[in-house]
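1. Below are the sequence and a predicted model for it; my questions follow.
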Amino acid sequence: MIYGERIRFRAAEREDLPTFVRWINDPEVQQGIGIYLPYSQVAEENWFESMLKHPLDEHVLAIEVRQPAANGGEESWKLIGSCGFSDIDRRNRSAEFGINIGEKDYWNRGYGTEAVRLLVKYGFNTLNLHRIFLRVFETNPRAVRAYEKAGFTHEVRYRQAEFRNGKYIDMLVMSILRDEFR
Amino acid sequence: MIIGERIRFRGLERDDIPTFVKWLNDPEVQQGILLNHPVSHATEENWFDGMIKRPPDEQVLGIEVYLPGEKGEGGWKLIGSLAFNNIDWRNRASEFGIMIGDKTYWNQGFGTEAVQLLVKHGFNTLNLNRIYLHVFENNPRAIRAYEKAGFIHEGRKRQAEFKDGKYIDVLVMSMLREEF
C-alpha cells in the first residue's frame, strides 16, 4: 500500500472490475482516455488477466480516498480511480503513466493532482526512475491543469494525432525529471 | 517497387542480411538508431523472420540507388532501409524509421529524397493523415534531412535516451497531409 495525505494506492483486484467497467463506459470519462468503444465485463477481465502478466511495477493501482470514521466506527476507503506505469524502460530509467479518476463526484477536488504527485514520488523514490511522462488530449484541460500543478512540463504536441468526435485533435506530452521533483 | 528520381524502394530479401549486419555494427551508424549492442547474423535472421510476419504496409523496404555503368550497364545498389511502424489506421497516423547504412552515401541528399518518397507513399497510397518520427537531438544531419523534406518540430522528449554516459533529448517531428 502506498499512502498519501487523503489518498492511498492499493493493488487492483478482480472485484474492482465491475466498477472499472462502469467508469470506462461513461461517455464523459471516455473523453479523457484511450477507449472509444463500449467495453464489456469480459473484455475487462481479459485485460486484467494480461495486466497480471506484466512486471509487478507496471500493475494497475487502485486510487482510494480516506473516508473519516463516523459515529464511533472505523475509517474506510472509497475507490475513485486507477493509475499505473506502463512500459518502464529500465535502461533509460523512463516510464509513462496513465491515470483515470472514474468517480465523477470526485472530480475538481484535487484528488487527481494528489494521485499524480504520489505516483511521481513512488516512481522517483522507489522505482528509481529518471524521467516520468504522460500523454493527454488537448481537449482535457482539467487533466492538463492537474499535471501542471503536480510539476509537469509541456514538451511535445503531437498534432492531429487522435480522431475524436469527428475531428483530429492534438495529443500533448508532459514530463517531469528527477531533478525537478521536490 | 516504389520509384523516385535517383532512388527506389524494394522489399528486403534474406540475402540482404549480411549487409545489414555490417551496417548495424558500425558505431557511427549506431549513433543514430535504437541499437546499442553488437548484432549477430543469427539475431538479424530472427529479426528478419519476425519482420516478414508484420502487416505488408509495415514491412521494411530497402533503399536502392541507381549506379550508371561504364558501358551503359547500370545497376541498383542497396544503401539503407526504412519502414512505417505501428500504423494506427483509425487515426490514420504512422511513425517511420530510416537508416542510410552505407556511409559513402551520406551527405548527398539520398536520405532527404528517401523521406520525401516515403511520405508520398504514405499520403498518396496508404491514405495517412499524419506521419511522424523520433530523432536524437545529437543527429543534426538527420534533423536537417527531415526539415528539408518538410517536417515540422513538435517538441522534445527531455532526457529520454541514455547514450554515451549521459541523457539526451529525443525530438519529435511530423508532417500532416495538408502540409504535403
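-> The structure has been received and is ready for your questions.
2. contacts for the longest helix along chain A?
-> If you go by DSSP state H, chain A has its longest helix at helix A:111-125. With contacts defined as Cβ atoms under 8 Å, 6 or more residues apart in numbering or on different chains, helix A:111-125 is touched by A:2, A:4-7, A:9, A:61, A:63, A:65, A:80-81, A:83, A:85, A:95, A:97, A:99, A:101, A:129, A:132, A:142-143, A:146-147, A:149-152, A:176, A:178, A:181. Just so you know, the C-beta spots here come from the backbone N, C-alpha and C atoms, and that holds for glycine as well.
3. what number of residues lie near the closest residue to chain B within chain A?
-> As assessed by Cβ to the nearest Cβ, chain B sits closest to A:V156 within chain A, at 2.9 Å. Other residues lying near A:V156 total 25 when counted by other Cβ atoms under 10 Å in any protein chain shown.
4. Which strand residues bridge the closest residue to A:F85 other than its chain neighbours?
-> With Cβ to Cβ, 6 or more residues apart in numbering or on different chains as the criterion, A:F85 has its nearest non-adjacent residue at 4.5 Å, and that residue is A:A95. As for beta bridges, A:A95 partners with A:I132 under DSSP bridges.
5. Surely A:A95 touches A:H130?
-> No - A:A95 is beyond contact range of A:H130, at 9.4 Å (criterion: Cβ atoms under 8 Å).
6. So for the two, which sits in the more crowded spot?
-> Neighbour count, other Cβ under 10 Å: between A:A95 and A:H130, A:A95 has more, with 22 against 18.
7. Show the contacting residues for the more buried one.
-> By Cβ under 8 Å, 6+ apart, the residues touching A:A95 are A:85-89, A:123, A:127, A:129, A:131-133.
8. Buried ones only from those, please, as a ChimeraX command.
-> To isolate the buried members of the contacts of A:A95 in ChimeraX, using 16 or more other Cβ atoms under 10 Å in any protein chain shown:
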select /A:85,88,123,129,131,132,133
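9. got the residues of chain A near chain B?
-> By the rule Cβ under 8 Å from any Cβ of the partner chain, the part of chain A lying against chain B is A:91-94, A:130-131, A:133, A:153-163, A:168, A:173, A:175, A:177.
10. Just the buried ones out of those, please.
-> The neighbour count (16+ other Cβ under 10 Å) marks A:92-94, A:130-131, A:133, A:155-163, A:168, A:173, A:175, A:177 as buried among these.
11. re the thing from before, pLDDT of the longest helix of chain A, averaged?
-> Averaging pLDDT along helix A:111-125 gives 97.
12. Flag every buried residue along it.
-> Those would be A:111-120, A:122-124, for helix A:111-125 by 16+ other Cβ under 10 Å.
13. What is the burial count for B:I143?
-> By other Cβ under 10 Å, the residues close to B:I143 number 18.
14. Identify the residue spatially nearest to it, adjacent ones excluded.
-> In this structure, B:I143 finds its nearest non-sequential neighbour in B:V135, 5.8 Å apart by Cβ to Cβ, 6+ apart.
15. Doesn't that neighbour belong to a strand?
-> Yes - according to DSSP: H, G, I helix; E, B strand; the rest coil, B:V135 belongs to a strand.
16. I'd like to know how many residues surround it.
-> Around B:V135 there are 20 other residues, counting by other Cβ under 10 Å.
17. So it sits against B:V170, correct?
-> Yes - counting by Cβ under 8 Å, B:V135 touches B:V170, with 7.2 Å between them.
18. other SSEs contacting the longest strand along chain A?
-> The longest strand of chain A (DSSP state E) is strand A:76-89. Judged by 3 or more Cβ pairs under 8 Å, 6 or more residues apart in numbering or on different chains; DSSP states H and E, the packing partners of strand A:76-89 are strand A:7-11, helix A:17-24, strand A:61-67, strand A:94-101, helix A:111-125.
19. redo that, cut-off 7 Å
-> Packed against strand A:76-89 by the contact rule (3 or more Cβ pairs under 7 Å, 6 or more residues apart in numbering or on different chains; DSSP states H and E) you find strand A:61-67, strand A:94-101, helix A:111-125.
20. and A:F137, what is it in contact with?
-> A:32, A:162, A:169, A:171 (Cβ atoms under 7 Å, 6 or more residues apart in numbering or on different chains).
21. Residue ranges in chain A under the pLDDT threshold?
-> For chain A, applying pLDDT under 70 flags no range at all.
22. List the beta-bridge partners for the most centrally placed residue in it.
-> Residue closest to the average C-alpha location in chain A (Cα atoms, centre = their mean): A:I99, at 1.1 Å. Beta bridges link A:I99 to A:C83 when assigned by DSSP bridges.
23. Quick check, A:F152 in contact with A:S175.
-> Yes - between A:F152 and A:S175 there is a contact under Cβ atoms under 7 Å: 6.3 Å.
24. What residues sit buried inside stretch A:137-153?
-> Neighbour-count burial for stretch A:137-153 [16+ other Cβ under 10 Å]: A:137, A:139-140, A:143-144, A:146-147, A:150-152.
25. Next, count neighbours for residue 31.
-> No chain in the question, so chain A it is. A:Q31 has 14 neighbouring residues, counting by other Cβ under 10 Å.
26. nope, chain B please
-> 15.
27. Could you do the one 4 residues further on as well?
-> The number of residues packed near B:L35 is 13, by other Cβ under 10 Å.
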